[in-house]
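Peer 1: One predicted model, sequence on top.
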Amino acid sequence: MNLHNNNSKHINAIIYVLNPFVYKTTNGYDGILYKYWSLVKNQLQKKGYIIHETFTQNKNINYDKIHNLVQNGKYDIGIANFTVVSNNIRPGVIYTRPIYLNKKSIAFIPKDNKVETFFNIFFREAFIPLTLLIIISFIAAYILERFSSRGSHFKSMWQILSGVIGQSGDLSEVLVSKKLTWKKNFSSFIVVFFIMIFAFYFSLYLQARVNIASQNFSKPNDLTPSDISGKDIMLHDDNVNTSWLTDNNARLIKITKEQDDTKLFKDYIRKRKTNNNIVGFTDDIPYLLESQKNNSNIVISNFDYGYEEIAFMIHAGGIKDYTLQRDVDNSILLIQESGDAVNLCDGDKYYGKKYGYLCDI
């Protein structure tokens with residue numbers, strides 16, 4: 001950092017142009033990270049800083065090289081989606097306070113197999129109740145045959161099952177026979193009445209259970225730790241925080257990050273057709289949201305795998321650099337306290353309502 005005699009503060013900032021965090025438009029630059037940096041830059045300029053920005057979009061550049069450029073002192077501050085984890089903490093660099101959080105998530109395309117869904121619903125929700133019903137029907141058939149004979153135990157059982165699925169008329173038809181009267185067959189009426197009550201409520205119970213199961217199965221399944229254990233997850237090769245995946249026994253397929261920000265999810269869509277062990281791909285939430293915009297079938301998992309802090313990186317070469325860190329931290333604090341950070345993230349253009357809370361820190 002260069003401090004001139006007129007007390008102006010000149011700082012060199014390197015900005016990593018990588019969609020969706022920073023990208024070029026006809027009017028300049030956009031992206032959630034760039035917009036946040038613009039808010040910080042405005043606060044720093046009020047403090048007398050003169051900021052020189054260098055935008056880099058070289059195909060040979062990546063997070064690690066940006067890291068090295070700041071570490072070596074060529075730039076005073078690095079503007080990129082840096083994750084504050086132990087792997088990123090090296091001598092010669094310091095981090096600002098977090099600007100926002102990243103939710104550790106996995107994006108995937110749910111399996112859409114209607115036959116499989118049907119059998120899942122049947123065996124998980126209806127098979128056991130129906131099995132119990134048949135056993136109960138055998139028992140009830142003997143009771144029914146004793147008090148209100150249908151001519152055979154089979155017919156009694158059939159009429160009970162008919163009653164359960166809503167055809168209680170068959171169950172009561174013998175009771176309206178001219179040969180049976182209330183006085184002579186009081187016990188028959190009582191037995192059939194209770195069987196019909198049971199049939200009515202069992203039918204409601206079974207319908208409710210199947211309906212709830214159908215609604216749950218119609219929603220995309222989430223990816224829990226048990227779902228990813230022993231499975232393959234695709235991610236960019238510069239993703240340094242992968243312990244939350246490997247700790248859950250997931251296997252990693254690393255893809256070289258390129259300027260084509262759609263490559264990861266395109267590779268996922270292509271490879272999942274031939275590799276059934278691939279269950280999803282992961283990156284920062286803005287990238288996953290951008291992937292979702294490009295393919296409406298993509299779902300982002302809701303399971304809570306935890307969060308990561310995202311911050312700017314500053315060269316640590318002397319007291320002046322720590323002064324810059326302090327001033328950037330104070331600027332970020334003002335932006336967060338004013339609500340500008342949440343307003344930025346909460347809009348549909350960036351995080352949206354669902355993930356806007358990640359800027360409320």
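Peer 2: Yep, that arrived.
Peer 1: so where's the stretch 101-250 of the chain uncertain?
Peer 2: In the prediction, the stretch 101-250 of the chain carries residues with pLDDT under 70 at positions 112-122, 124-125, 137-138, 140-193, 195-196, 199-200, 203, 210, 212-221.
Peer 1: contacting residues for residue 333?
Peer 2: Residues in contact with residue 333, defined by CB atoms under 8 Å, 6 or more residues apart in numbering, are residue 97. Bear in mind the C-beta positions are built from the backbone N, C-alpha and C, glycine included.
Peer 1: mean confidence score for the host helix or strand of it?
Peer 2: Here residue 333, judged by DSSP states H and E, is contained in helix 319-338. Averaging pLDDT along helix 319-338 gives 90.
Peer 1: for this structure, what spans make up the strands?
Peer 2: Under the criterion DSSP state E, strands of the chain are mapped to 2-3, 9-16, 23-25, 28-30, 49-56, 77-83, 93-95, 100-103, 107-108, 232-236, 251-255, 278-282, 299-300, 307-315.
Peer 1: need the contact list for the closest residue in space to residue 24 that isn't next to it in sequence.
Peer 2: Closest residue to residue 24 apart from its sequence neighbours, by CB to CB, 6 or more residues apart in numbering: residue 17 at 6.5 Å. Residues in contact with residue 17 (CB under 8 Å, 6+ apart) are 23-24, 29, 55-57.
Peer 1: Could you report the separation of residue 17 from residue 282?
Peer 2: Per CB to CB, to the nearest Å, residue 17 is found 22 Å from residue 282.
Peer 1: coming back round to it: quick one: which of the strands of the chain is nearest residue 336?
Peer 2: Checking those against residue 336 by CB to CB gives strand 100-103 as the closest, at 9.1 Å.
Peer 1: Can you tell me what sits against that closest one?
Peer 2: Identification of contacts with strand 100-103 by CB under 8 Å, 6+ apart yields 32, 36, 81, 83, 284-285, 305, 307-310, 341, 345, 355, 358-359, 361.
Peer 1: Just the buried residues of the contacts of residue 17.
Peer 2: Burial by neighbour count, judged by 16 or more other CB atoms under 10 Å, picks out 23, 29, 56 from the contacts of residue 17.
Peer 1: Got the confidence number for the spatially closest residue to residue 29 that is not a sequence neighbour?
Peer 2: In this structure, residue 29 finds its nearest non-sequential neighbour in residue 22, 6.0 Å apart by CB to CB, 6+ apart. pLDDT, residue 22: 89.
Peer 1: what's the burial count for residue 22?
Peer 2: Neighbourhood size, residue 22 [other CB atoms under 10 Å]: 23.
Peer 1: Show me the beta-bridge partners of it.
Peer 2: Beta-bridge pairing for residue 22 (DSSP bridges): residue 18.
Peer 1: In contact with it, which residues are there?
Peer 2: Counting by CB under 8 Å, 6+ apart, the residues that residue 22 touches are 15-16, 29-31, 33-34, 55, 79.
Peer 1: ok, those vs residue 298, which is closest?
Peer 2: Set against residue 298, the nearest of these by CB to CB is residue 31 (20.0 Å).
Peer 1: Run a quick neighbour tally on that closest one.
Peer 2: By other CB under 10 Å, 22 other residues sit near residue 31.
Peer 1: measure it to residue 302 for me?
Peer 2: Distance of residue 31 to residue 302, given as CB to CB: 25 Å.
Peer 1: wait, residue 66 sits on residue 15?
Peer 2: No. Look at residue 66 against residue 15 with CB atoms under 8 Å: they stay out of range, at 9.1 Å.
Peer 1: Spell out which residues are contacts of both of those two.
Peer 2: Counting by CB under 8 Å, 6+ apart, the shared contacts of residue 66 and residue 15 are 56, 80.
Peer 1: how near is residue 109 to residue 295?
Peer 2: 8 Å.
Peer 1: neighbour-wise, which of those two wins?
Peer 2: Using other CB under 10 Å, the more surrounded residue of residue 109 and residue 295 is residue 109, with 17 against 14.
Peer 1: tell me the contacts of residue 294?
Peer 2: Residues near residue 294 by CB under 8 Å, 6+ apart: 262, 265.
Peer 1: try 10 Å this time
Peer 2: Taking CB atoms under 10 Å, 6 or more residues apart in numbering, we find residue 294 in contact with 261-262, 265-266, 269.
Peer 1: same question, residue 29
Peer 2: If you count contacts by CB under 10 Å, 6+ apart, then residue 29 has 15, 17, 22-23, 35, 37-38, 53, 55 around it.
Peer 1: got CSV for those residues, with distance to residue 273 too?
Peer 2: Formatted as CSV, the contacts of residue 29 follow (distance: CB to CB, whole Å):
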residue, distance to residue 273
15, 37
17, 32
22, 32
23, 29
35, 37
37, 39
38, 41
53, 43
55, 37
